[in-house]
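K.L.:
Quick one: sequence plus predicted model below, questions after.
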Amino acid sequence: MQSVVVHQGGTITVEEKANPVLSAPDDVLVRVAYSGLCGSDIPRIFANSSHYYPITLGHEFSGYVVSTGGEVHDLQEGDAVACVPLLPCFQCEECKKEAYSQCKHYQFIGSRRDGGHAEYVVAPRKNLFRLPENASLLQGAFLEPITVGLHALKLAGGCEGKEVVVIGAGTIGQLIIQAASALGAHSVTAIDINPQRLALALETGASHSFNSAMLNADEIRQQSQERRFNQLIIETAGTPQTVALALDIAGPKAQVTLVGTLHKDLTLNVATFSHILRKELTLLGSWMNYSAPWPGSEWQLATQLFAEQKINLTPLIGCLGDPEEFAKEVTALKGKPMAGKILLDLTRS
């Protein structure tokens with residue numbers, strides 16, 4: 001089979017490898033259809049932050065079941081599935097408290113073991129979500145990223161009737177904007193420094209937008225006065241500046257949900273920190289996309305939104321390519337963020 005392999009130092013090659021085989025009774029062999037590059041994969045490729053090399057990444061994939069181990073009775077050959085990449089141990093105290101993302105002994109497909117940037121992959125049954133008949137395989141490859149946003153919304157008690165503000169209009173942010181609009185938010189505001197991303201957000205669900213490279217926090221807050229109550233601010237960019245911005249623009253008693261992963265230290269000045277106290281803000285941390293019963297209601301909700309055609313994926317896709325095209329597009333990033341989602345398309349072979 002063809003596999004896109006990442007080597008230490010950022011070299012990406014397309015290699016012929018032996019097809020994986022079932023080794024456990026709960027294993028499932030999947031023929032991959034689509035596999036997306038996640039923003040978290042970029043430092044694994046270009047900053048030597050992977051757990052090992054060489055590695056085949058890919059935790060946002062979909063495909064068809066080829067064969068199953070002897071203990072798998074609810075999947076059949078030809079069933080369409082999507083990857084649920086986290087594999088908790090289900091035995092530790094955290095797992096018993098249904099805090100799966102806090103598991104002390106977890107595995108992760110496409111990070112701690114080889115993933116879906118290959119024609120075939122073997123995954124445990126619990127790492128696969130069966131797609132309903134009305135869901136496409138391309139939608140399946142977006143299940144993992146959209147559930148990241150849906151998990152944040154769930155932790156905040158939903159978004160219906162709220163003034164939602166999304167800081168960072170990359171793929172995760174764009175999916176949250178569309179989901180919040182579909183799930184009854186009173187308004188959805190997008191904040192980014194990229195005018196093209198802001199324009200897209202306005203086309204697909206945002207009612208307002210601000211370019212934070214052109215406006216400071218005071219200006220954004222002043223222009224949002226009529227929407228200052230019942231706010232849910234979701235930070236997805238993962239920079240010290242955008243975390244501070246979330247606190248600076250927040251209205252009274254706002255919820256501030258932190259989704260973006262920081263890669264630099266965060267220092268808050270006294271004025272920004274005081275907003276947490278004086279405005280009586282609620283800070284929520286959101287990590288991954290799982291709840292009980294496994295893998296969580298977020299995954300069912302995602303397929304419902306797709307079935308209702310509430311999510312438009314087409315403008316989010318930057319490239320659909322075969323292994324060689326995919327490797328070329330990823331290499332061209334040179335460590336920078338994607339302009340649009342880069343997906344490996346194995347439906348042509």
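P.N.:
Thanks, I have the structure now.

K.L.:
for the stretch 1-150 of the chain, what spans make up the strands?
P.N.:
Under the criterion DSSP state E, counting those that start in this stretch, the stretch 1-150 of the chain contains strands at 2-6, 12-16, 27-36, 60-68, 80-83, 86-87, 107-108, 120-124, 128-130.

K.L.:
what would these look like in JSON lines with mean neighbour count?
P.N.:
All C-beta spots, glycine's among them, are computed from the backbone N, C-alpha and C. Below are the strands of the stretch 1-150 of the chain laid out as JSON lines (neighbours: other Cβ atoms under 10 Å):
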{"stretch": "strand 2-6", "mean neighbour count": "22"}
{"stretch": "strand 12-16", "mean neighbour count": "14"}
{"stretch": "strand 27-36", "mean neighbour count": "24"}
{"stretch": "strand 60-68", "mean neighbour count": "23"}
{"stretch": "strand 80-83", "mean neighbour count": "26"}
{"stretch": "strand 86-87", "mean neighbour count": "21"}
{"stretch": "strand 107-108", "mean neighbour count": "16"}
{"stretch": "strand 120-124", "mean neighbour count": "22"}
{"stretch": "strand 128-130", "mean neighbour count": "21"}
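
K.L.:
would JSON lines of those with distance to V256 and mean pLDDT be doable?
P.N.:
JSON lines is the format used below for those (distance: least, Cβ to Cβ, whole Å; pLDDT from 0 to 100):
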{"stretch": "strand 2-6", "distance to V256": "35", "mean pLDDT": "98"}
{"stretch": "strand 12-16", "distance to V256": "37", "mean pLDDT": "98"}
{"stretch": "strand 27-36", "distance to V256": "28", "mean pLDDT": "98"}
{"stretch": "strand 60-68", "distance to V256": "26", "mean pLDDT": "98"}
{"stretch": "strand 80-83", "distance to V256": "30", "mean pLDDT": "98"}
{"stretch": "strand 86-87", "distance to V256": "25", "mean pLDDT": "97"}
{"stretch": "strand 107-108", "distance to V256": "27", "mean pLDDT": "97"}
{"stretch": "strand 120-124", "distance to V256": "35", "mean pLDDT": "98"}
{"stretch": "strand 128-130", "distance to V256": "30", "mean pLDDT": "98"}
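
K.L.:
any chance of those in TSV, with distance to K154 too?
P.N.:
Shown next, in TSV, are these (distance: least, Cβ to Cβ, whole Å):
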stretch	distance to K154
strand 2-6	32
strand 12-16	35
strand 27-36	22
strand 60-68	20
strand 80-83	19
strand 86-87	16
strand 107-108	21
strand 120-124	24
strand 128-130	17
